[in-house]
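**Q** Take a look and give me a structure for this.
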Amino acid sequence: MGNFALQKWIQPVIAALPSRRKLGLAFLLLLIFLIVATPLFNRWMYPLDYEEQILYSSDATGADPFLVMAVIRVESKFNPDVESHAGAEGLMQLTPNTVDWVVERGRFSPAFKESVRDPAINIHMGSWYLSGLMKEFQGNQVATIAAYNAGPGNVQKWLKEGRWDGTRRNLNQIPYGETRHYVQRVMFFHDKYRSLYAHLVKQRETYTLPQ
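**A** Numbers count the residues shown, from 1 in each chain. Alright, predicted model coming up:
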């Protein structure tokens with residue numbers, strides 16, 4: 001009697017379900033929606049501005065464009081008017097000492113010092129600086145990021161003294177907590193921007209191929 005009552009209740013529920021064809025179509029539409037919506041959602045979560053300036057300066061200086069994007073995201077969230085308590089300015093938060101060093105070593109116009117907040121100039125100097133740090137640390141991107149935050153002198157000291165081995169795996173060895181957190185954030189955004197915007201670099205490579 002109990003089984004009969006249960007069966008009597010289940011049958012209308014089963015009958016009310018859509019056909020297999022309708023279920024299959026609904027699943028397909030859901031899959032398509034997820035495929036389309038997920039990249040759009042990710043790009044909303046990880047927006048990109050000044051891409052032309054970033055790609056141009058990366059080409060000119062040899063900097064990793066995705067690293068430039070990540071540094072800008074962490075330093076200023078793409079706001080060119082940000083200024084830190086230490087006097088760092090612009091998208092890539094360049095300090096006065098860094099600006100002086102870059103202008104002198106990179107042989108840039110002294111007028112750049114008066115236009116640090118200009119997005120194109122700030123990105124170009126910051127990209128040149130990142131590229132120089134990458135060379136100084138022999139292609140070690142993790143050490144380069146740490147040096148951008150803590151200064152190359154400090155990072156060289158940590159490496160020489162064996163206080164940090166320069167790897168992402170052992171970030172906990174970095175003496176400065178702020179720098180540890182900084183490197184983690186920049187690496188996270190580097191990976192995100194590379195996965196979301198790699199097509200921009202490929203498009204630019206295609207456009208600049210010799211005819």
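
**Q** Any stretches of the protein with poor pLDDT?
**A** Screening the chain residue by residue with the criterion pLDDT under 70, one finds the ranges 1-19, 21-43, 203-211.

**Q** what's the domain layout of it?
**A** Structural domains assigned to the chain are 2-45, 51-207, following automatic domain parsing.

**Q** quick one: the helices in this structure?
**A** Taking DSSP state H, the helices of the chain run over residues 2-16, 20-45, 51-61, 65-76, 96-105, 119-136, 141-150, 152-161, 177-207.

**Q** hey, which of the domains of the chain is tucked in deepest?
**A** For these, ranked by mean neighbour count under the definition mean count of other CB atoms under 10 Å, the leader is domain 51-207 at a mean of 18. All C-beta spots, glycine's among them, are computed from the backbone N, C-alpha and C.

**Q** where's it relative to the chain centroid, distance-wise?
**A** Averaged C-alpha coordinates place domain 51-207 at 11 Å from its chain's average position (CA atoms, centre = their mean, to the nearest Å).

**Q** Kindly report the same for stretch 47-55.
**A** For stretch 47-55, the distance from its own C-alpha centre to the chain's C-alpha centre is 11 Å (CA atoms, centre = their mean).

**Q** ends of it, how far apart?
**A** Across stretch 47-55, the straight-line distance between its terminal residues is 15 Å, by CA to CA, to the nearest Å.

**Q** can you list contacts of it?
**A** Counting contacts by CB atoms under 8 Å, 6 or more residues apart in numbering, the residues outside stretch 47-55 that touch it are 65, 68-69, 72, 78, 91, 119-120, 123-124, 127, 193, 196-197, 200-201, 204.

**Q** Let's see that with 6 Å instead.
**A** Counting contacts by CB atoms under 6 Å, 6 or more residues apart in numbering, the residues outside stretch 47-55 that touch it are 65, 68, 78, 119-120, 123, 197, 200, 204.

**Q** How about stretch 171-183?
**A** Against stretch 171-183 from outside (CB under 6 Å, 6+ apart): 145-146, 149-150, 164.

**Q** possible to save those as JSON lines with distance to F108?
**A** Written out in JSON lines, the entries for the contacts of stretch 171-183 read as follows (distance: CB to CB, whole Å):
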{"residue": "I145", "distance to F108": "23"}
{"residue": "A146", "distance to F108": "25"}
{"residue": "N149", "distance to F108": "22"}
{"residue": "A150", "distance to F108": "24"}
{"residue": "W164", "distance to F108": "32"}
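
**Q** got a list of what the closest residue to L133 other than its chain neighbours touches?
**A** In space, not counting the residues next to it along the chain, L133 is nearest to T144; the distance is 4.5 Å by CB to CB, 6 or more residues apart in numbering. Taking CB under 6 Å, 6+ apart as the contact definition, T144 lies against 133-134, 137.

**Q** and if you look at L91?
**A** L91 sits next to 72, 76, 80, 119, 122 when contact means CB under 6 Å, 6+ apart.

**Q** quick one: which of these is nearest to S109?
**A** Among those, N122 lies closest to S109 (CB to CB), at 14.0 Å.

**Q** Having no further points to raise, I will conclude here.
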